[in-house]
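**Student:** Here you go, sequence then predicted model.
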Amino acid sequence: MKQSGSVWPQHLLQWFWRVKRDLPWRNTEDPYAIWVSEVMLQQTQVKTVIPYYQKFLKRFPTVRSLAEAELEEVLEMWRGLGYYSRARHLWEGARFVFEHCEGKVPETYENLLKIPGVGEYTAGAIASIAYQERVPAIDGNVNRVLARLIAWEEPTAKVKSRRVFRELLKEAQSSKYPGDFNQALMELGATLCAPKNVRCGECPLEIECDAHRLGQELAFPVKQEQPRVMEAFRFTLMIRKGDQLLVRKRPSSGLLADLWEFPGEEILKHDLQISNNSNDCIVAAESGELYGKSDQVLNREFLRPGFWYDLYQRVVSDHSQDENMKKKLEKGLEVKGPIFHIFSHRRWEMYWVDLEWPDEISDIGLCWVSREELKRMALPVAFQKLLEEPNRNYEG
DNA sequence: AAGCCGGGGGG
DNA sequence: CCCCCAGGCTT
C-alpha cells in the first residue's frame, strides 16, 4: 500500500491543472448542474454529452424546474443519449429534493446518498466537486487507475478491493482540492490510463505505478472470474400417449424459470457423495439427492431399471400405473443419451427414457400436449434436442 | 454477493 | 457483429 506522504497526489493534481479540458460543468459550482453532468457522463462520452448538458440546463436550470416538469419532456430532452431510466431517476431525484430537502441539493455526502438514484459514486462526486468534502468518487476509470497503481490482484468489485481503494484514497486525497483530485483521477483514466491504449509515457504517475513497473499495465484491473461451469446430469422421462407428450412448468425462479420441460430431475455432480451404504448402489435420499460411491459407479447406475423407477415415482404423483411402469422399465429398459447442453454456467449431461402411458393421468402439475402445441410453447432448447434425437440409444 | 437493467462503444 | 460494460438497485 502507498504510504501517506507520497508525492503522486501532487504530481496528479499538477498534471490535471495543466492538461484539463475546459468543460461546461467545470465552470460551475452549482451542485445541481454537477449532478446532471455526472448522470450524463455515466453513460456517454464527453463530446456527446456537452450539447445535451447545455440544452438540458437551459430548459431545466434548477432542481425546481426539473421537479415540476413532466417526465415526458425530460425524456424528450434526453432523446439520443440512451439509458432513459437514468433520465427518469434524475427526474425522480429532483422531485425528491424539491419535496424533502426544501428544494436545495443536500450539502453532505451522507444526505446526498438519500436521494433515490444517487449512489456512492454520484454522491461522492457532487460532495467533493461542489462542496469540497473530502470523500472519494470511485467510478470505472478510478478503479482502473488505482488497480494499476498498486498492481491490485483482485477484481475491483470485491468488498476487500473497495475497502483498500477507499483507504488508499483517504491517505492520498488532497485536503485543499478534493474535487479536483477526484476529477484528476477520472481524467487520467479517461485519457492516458485507458482500458486498452495506455499512454504511460505521458502519465504523471508513471514512476509510481506498480503495473507499469511490472510491464503489465493491461493485466489490471484483473477481471472477475467467470462462474465456473457446474456439471450436472439431467434425467428425463418422455411419457407419451399417442401423439401426446407429458410436460410441466418449471418453477418461477432459477434456471429456465417459468419455461416448460419434460418431467425429470437434475443432479449436480458436485452433490454426489460417497455413500455410507454397504452395497454399491446409488440411493435416493429423502431430499431427492443421489449418493454414489464414485462418479464411475454413478455413470453406470442410471442403467438400472430401479434408478428410473425411483425417478418416475418422485416425479409422477399418479401412482395408478406403478406396477405397469415398473414392468416396462424392468423388461425393456432403453436409456437414451447422452446429449450435452451447455448453459452459461452449467453443463447438462442428459439421459432419458421413453414410456407409454395407457390413458388419462391425474397429476396436477403435469399435462398432455401434442407435438404441434409444443412447437408454440416455451420449451428450452435443451429439451427440444431430446425430441430431435429419438434414436440416440446409450451404449455404455 | 451476484445479477439485472438496457443501450452504447470498442475490437 | 458480438462482447463487454457503468452505476444503482434488488434479491
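**Tutor:** Yep, that arrived. Residues are numbered from 1 along each chain as shown, chains lettered A, B, ... in the order given.

**Student:** can you tell me which residues contact the residue lying closest to residue A:330 once chain neighbours are set aside?
**Tutor:** Nearest in space to residue A:330, with sequence neighbours left out and distances taken as Cβ to Cβ, 6 or more residues apart in numbering, is residue A:305 at 4.4 Å. In this view, the C-beta of every residue, glycine as well, is placed from N, C-alpha and C. Listed by Cβ atoms under 8 Å, 6 or more residues apart in numbering, the contact set of residue A:305 reads A:326, A:329, A:330, A:333.

**Student:** any idea how far DNA strand B is from residue A:305?
**Tutor:** Residue A:305 sits 38 Å away from DNA strand B, going by Cβ to the nearest atom of the strand, to the nearest Å.

**Student:** same deal with residue A:351?
**Tutor:** On the measure of Cβ to the nearest atom of the strand, residue A:351 and DNA strand B end up 27 Å apart.

**Student:** how about the helix or strand containing residue A:240, does it reach DNA strand B?
**Tutor:** Per DSSP states H and E, residue A:240 falls inside strand A:230-241. No - Strand A:230-241 is not in contact with DNA strand B by Cβ under 7 Å from any atom of the strand; minimum separation 10.9 Å.

**Student:** mind checking how far that strand is from the chain centre?
**Tutor:** Distance, stretch centre to chain centre, for strand A:230-241: 28 Å (Cα atoms, centre = their mean, to the nearest Å).

**Student:** packing partners for that strand?
**Tutor:** Other elements packing on strand A:230-241 under the criterion 3 or more Cβ pairs under 8 Å, 6 or more residues apart in numbering; DSSP states H and E are strand A:244-249, strand A:264-268, helix A:305-315, strand A:346-356, helix A:381-388.

**Student:** can you redo the ones you listed as TSV with mean pLDDT?
**Tutor:** Below are those laid out as TSV (pLDDT from 0 to 100):
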stretch	mean pLDDT
strand A:244-249	93
strand A:264-268	86
helix A:305-315	91
strand A:346-356	90
helix A:381-388	88
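
**Student:** For DNA strand C, find the nearest of those.
**Tutor:** Nearest of these to DNA strand C, taken as Cβ to the nearest atom of the strand: helix A:381-388 at 16.2 Å.

**Student:** Strands of the stretch 51-200 of chain A, residue ranges please.
**Tutor:** For the stretch 51-200 of chain A, applying DSSP state E, counting those that start in this stretch gives no strands.

**Student:** what's the pLDDT at residue A:396?
**Tutor:** You'll see residue A:396 listed with a pLDDT of 69.

**Student:** from the stretch 1-150 of chain A, which residue is nearest to DNA strand B?
**Tutor:** residue A:82 (3.0 Å).

**Student:** Give me every residue in the stretch 101-250 of chain A lying close to DNA strand C.
**Tutor:** Counting by Cβ under 7 Å from any atom of the strand, the stretch 101-250 of chain A sits next to DNA strand C at A:116-123, A:138-141, A:143, A:223.

**Student:** just the buried members of those?
**Tutor:** Neighbour counting by 16 or more other Cβ atoms under 10 Å classes A:117, A:118, A:120, A:121, A:122, A:123, A:138, A:139, A:141, A:143 among these as buried.

**Student:** Quick one: residues contacting the last one.
**Tutor:** The one in question is residue A:143. Residues in contact with residue A:143 (Cβ under 8 Å, 6+ apart) are A:156, A:165, A:221.

**Student:** let's go with 7 Å and repeat that
**Tutor:** For residue A:143, the contact set (Cβ atoms under 7 Å, 6 or more residues apart in numbering) comprises A:156, A:221.

**Student:** And for residue A:49?
**Tutor:** Going by Cβ under 7 Å, 6+ apart, residue A:49 touches A:40, A:41.

**Student:** Name the SS class of it, please.
**Tutor:** With DSSP: H, G, I helix; E, B strand; the rest coil as the basis, residue A:49 sits in helix.

**Student:** Near DNA strand B, which residues of the stretch 101-250 of chain A are found?
**Tutor:** So the stretch 101-250 of chain A meets DNA strand B at A:157, A:158, A:159, A:160, A:195, A:196, A:197, A:227 (Cβ under 7 Å from any atom of the strand).

**Student:** now the residue of the stretch 201-350 of chain A found nearest DNA strand C: how far from residue A:144?
**Tutor:** Per Cβ to the nearest atom of the strand, residue A:223 is where the stretch 201-350 of chain A lies closest to DNA strand C, at 5.3 Å. Separation of residue A:223 from residue A:144 (Cβ to Cβ, to the nearest Å) stands at 12 Å.

**Student:** Also residue A:124?
**Tutor:** 17 Å.

**Student:** Which residue of the two possesses the greater neighbour count?
**Tutor:** Using other Cβ atoms under 10 Å, the more surrounded residue of residue A:124 and residue A:144 is residue A:124, with 27 against 23.

**Student:** Filter the contacts of residue A:305 down to the ones in helices?
**Tutor:** Counting by DSSP state H, the contacts of residue A:305 place A:326, A:329, A:330 in helices.

**Student:** re the thing from before, select only the buried ones of the contacts of residue A:305 in PyMOL?
**Tutor:** Here is the PyMOL command that selects only those of these that count as buried (16+ other Cβ under 10 Å):
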select buried, chain A and resi 326+329+333
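
**Student:** Report how many residues lie close to the nearest residue to residue A:8 once chain neighbours are set aside.
**Tutor:** Leaving aside its chain neighbours, residue A:8 sits nearest to residue A:208 (4.3 Å; criterion: Cβ to Cβ, 6+ apart). A total of 18 residues lie near residue A:208 under the criterion other Cβ under 10 Å.

**Student:** State the pLDDT value of residue A:208.
**Tutor:** With respect to pLDDT, residue A:208 has a value of 95.

**Student:** Same check on the one 5 residues further on?
**Tutor:** In this model, residue A:213 is scored at 94, pLDDT.

**Student:** Dihedrals phi and psi, it?
**Tutor:** When quoted as degrees, to the nearest 10, the phi and psi of residue A:213 stand at phi -60, psi -40.
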